[in-house]
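Student: Fold the following and give me the result.
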Amino acid sequence: MAIFSFKKRKARALHKQAQILSDAGNDDEALVLYEKAIALAPEKAESHYNIGLIYKYRNDWEKSYAFNATANELDPDDESALWNLAIAATALRDWATARKAWKDAGISIDNEEGPIEGDFGLTPVRLNPDGNAEVVWAQRIDPARARILNVPLPESGYFAGDIVLHDGAPVGYRMHGEIEKPVFNVLELFERSALKTFKVTVKADGQSDIDELQAILEQRGMIAEDWTTNYRVLCQACSEGRPHDEHDTVDESIWISRHEIGVGASDETSLRGALQAWTDNEGRTIIEVTCVLE
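Tutor: Numbers count the residues shown, from 1 in each chain. Now for the predicted structure:
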């Protein structure tokens, strides 16, 4: 009994040390201590979960799956382990496990097998959260995947229409009308879009001209984004919290005739055909069309 109690106390101490190391960014050292803690107390679900968490953020899905599955078996009431198990299963295309985990978490999922293709509402997602981050809007197709609806800036490496795998913990909020929506960090690209990204530089007399250009493009199956007026730079605190109006950098009372429009299109020929239709009216000029990401 004394030996058993000593092992449990030692395991708790190792677990705490591992947490401190992980919080400081020393995940490799943390993993060593977590594994030592598990060797002494294999029934401690939290140690399995924390290892699975580290592997999740490394996109090592097989290991994340294994440790979160064990954590879930040891503590079925731990919702975080259940979510991370579902995310790892989704990344691995293990739809049976993902479906069961989502249902165990109380989420209604249609059908019984195969990829989940539902309507889970709009959400903002943060591309490249550990680098040059950009928040775009997306349509959630399951609790951990979403299809990008905007045209991301080319330096993001993402395309309009990409399906991304995102985390389940909110990091910041954005307003959609009067409704506050949580921002989820993207973990990785899940499925590449068939669209390329073009930058179209135009000159127009007013906002109605830009609105009509976007309408023409969207009527022809393309996705358009006014990069000149819709792009907003935020400090990290606001990006990961709740943005305030001090970050607005565009004076809407001053019309900027030269606009850069991001367009998600399958080919340049179709794009130029749409642009030609737009320039039928006076006061509209196409300055340049460039494929910036393909």
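Student: Tell me where the stretch 1-150 of the chain has helices.
Tutor: When secondary structure is read from DSSP state H, counting those that start in this stretch, the stretch 1-150 of the chain shows helices at 2-23, 27-40, 45-57, 61-74, 79-91, 95-104.
Student: what about the stretch 101-250 of the chain, any weak spots by pLDDT?
Tutor: Under the criterion pLDDT under 70, the flagged ranges of the stretch 101-250 of the chain are 232-250.
Student: which residues of it fall in strands?
Tutor: Assigned by DSSP state E, counting those that start in this stretch, the strands in the stretch 101-250 of the chain fall at 122-127, 134-142, 145-148, 163-176, 179-191, 196-203, 223-226.
Student: deepest of those, which one?
Tutor: Scoring these by mean neighbour count under mean count of other CB atoms under 10 Å gives strand 145-148 as the most buried, with a mean of 24. The C-beta positions use only the backbone N, C-alpha and C, and glycine is treated the same way.
Student: Run through the bridge partners of the spatially most central residue of the chain.
Tutor: Central residue of the chain (CA atoms, centre = their mean): Val186, 2.7 Å from the mean position. Beta-bridge partners recorded for Val186 (DSSP bridges): His166.
Student: list the contacts for it?
Tutor: 125-129, 164-167 (CB atoms under 8 Å, 6 or more residues apart in numbering).
Student: Check these against Pro152 and report the nearest one.
Tutor: For those, the closest approach to Pro152 (CB to CB) belongs to Leu127, at 6.0 Å.
Student: wait, that closest one sits on Glu134?
Tutor: Yes - between Leu127 and Glu134 there is a contact at 4.8 Å, judged by CB atoms under 8 Å.
Student: Now list whatever residues contact both of these two.
Tutor: Common neighbours of Leu127 and Glu134 are listed as 152, 156 (criterion: CB under 8 Å, 6+ apart).
Student: same question for stretch 17-33, mean pLDDT?
Tutor: On average, the pLDDT along stretch 17-33 is 96.
Student: which residues sit against it?
Tutor: Against stretch 17-33 from outside (CB under 8 Å, 6+ apart): 14-15, 34, 37, 47, 50-51, 54, 58.
Student: filter those residues to the buried ones?
Tutor: 14-15, 34, 37, 47, 50-51, 54 (16 or more other CB atoms under 10 Å).
Student: Now distance to Asp267 too, for those, in CSV please.
Tutor: Supplementary listing: the buried ones among the contacts of stretch 17-33 in CSV, determined by distance: CB to CB, whole Å:
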residue, distance to Asp267
Leu14, 58
His15, 55
Tyr34, 50
Ala37, 56
Ser47, 52
Asn50, 48
Ile51, 46
Ile54, 43
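Student: Take the strands of the stretch 101-250 of the chain and lay them out in JSON lines including distance to Ile116.
Tutor: Shown next, in JSON lines, are the strands of the stretch 101-250 of the chain (distance: least, CB to CB, whole Å):
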{"stretch": "strand 122-127", "distance to Ile116": "15"}
{"stretch": "strand 134-142", "distance to Ile116": "4"}
{"stretch": "strand 145-148", "distance to Ile116": "8"}
{"stretch": "strand 163-176", "distance to Ile116": "11"}
{"stretch": "strand 179-191", "distance to Ile116": "12"}
{"stretch": "strand 196-203", "distance to Ile116": "27"}
{"stretch": "strand 223-226", "distance to Ile116": "23"}
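Student: So which of those is nearest Arg9?
Tutor: Closest approach to Arg9 among those is made by strand 163-176 (30.9 Å; CB to CB).
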